[in-house]
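1. I'd like to go over a predicted model; first the sequence, then the structure.
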Amino acid sequence: MSSPTSSLDPSIAARLKRAHDGLVTAVAQQYVSSEVLMVGWMDDEAMHRTLTSGRVTYFSRSRGDYWRKGDTSGHIQLVKEVRLDCDGDTLLVQVDQVGPTCHTGNRTCFHADPLELSRATEAGNPS
């Protein structure tokens, strides 16, 4: 996916460790509350658009195209800060989310009930 015509700053591009498909995981987090909102994917061009436009752009693996969060729903993500993790393979995109994040209408895509932990895990004893 890494676009040869991308305008991503080469010093940033050099720090990325992309998956085999050229994508990097992007975790969207509410800037003030630190609530995790969603996970998406970016290639170099999506990252360039995100860093320069003030709005988050993702790469849709299913459609094979770029999409800017909120263009159809109005529920936009305004970029506050973007950080790269220590391995260079995940982005933390801190945003001001306008409206719900999830296509279901929920504030976050992680609104489902927590998965049940085993008793060993609950006690702090990994299995």
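-> Structure's in. What do you need?
2. in space, what's closest to V56 - neighbours in sequence excluded?
-> Q77 (4.1 Å; C-beta to C-beta, 6 or more residues apart in numbering). C-beta: built from backbone N, CA, C; applies to glycine.
3. now that neighbour: how far from R119?
-> Going from Q77 to R119 by C-beta to C-beta, to the nearest Å gives 39 Å.
4. between those two, which is the more surrounded one?
-> Each of Q77 and R119 has its neighbours counted (other C-beta atoms under 10 Å); Q77 has more, 28 against 8.
5. so the closest residue to T90 other than its chain neighbours, which of the three states?
-> Sequence neighbours aside, T25 is the residue nearest to T90 in space, at 4.7 Å (criterion: C-beta to C-beta, 6+ apart). Counting by DSSP: H, G, I helix; E, B strand; the rest coil, the backbone at T25 sits in strand.
6. any idea how far T25 lies from Y58?
-> Counting by C-beta to C-beta, the separation of T25 from Y58 is 11 Å.
7. what touches both of those two?
-> Listed as contacting both T25 and Y58 by C-beta atoms under 8 Å, 6 or more residues apart in numbering are 40-41.
8. looking at those two, which has the bigger crowd around it?
-> Neighbour totals were compared for T25 and Y58, and Y58 leads with 25 against 14 (other C-beta under 10 Å).
9. ok, the residue positioned nearest the centre of the chain - contacts?
-> Geometric centre of the chain, nearest residue: A26, 2.6 Å, by C-alpha atoms, centre = their mean. A26 is in contact with 39-42, 56, 58, 90-91, 93, counting by C-beta under 8 Å, 6+ apart.
10. just the buried members of the residues you listed?
-> 40-42, 56, 58, 91, 93 (16 or more other C-beta atoms under 10 Å).
11. quick revisit: now the contacts of A26 as a markdown table including distance to R107 and pLDDT?
-> Formatted as a markdown table, those follow (distance: C-beta to C-beta, whole Å; pLDDT from 0 to 100):
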| residue | distance to R107 | pLDDT |
| --- | --- | --- |
| V39 | 15 | 97 |
| G40 | 16 | 97 |
| W41 | 21 | 97 |
| M42 | 22 | 97 |
| V56 | 16 | 97 |
| Y58 | 18 | 97 |
| T90 | 22 | 95 |
| L91 | 21 | 97 |
| V93 | 16 | 98 |
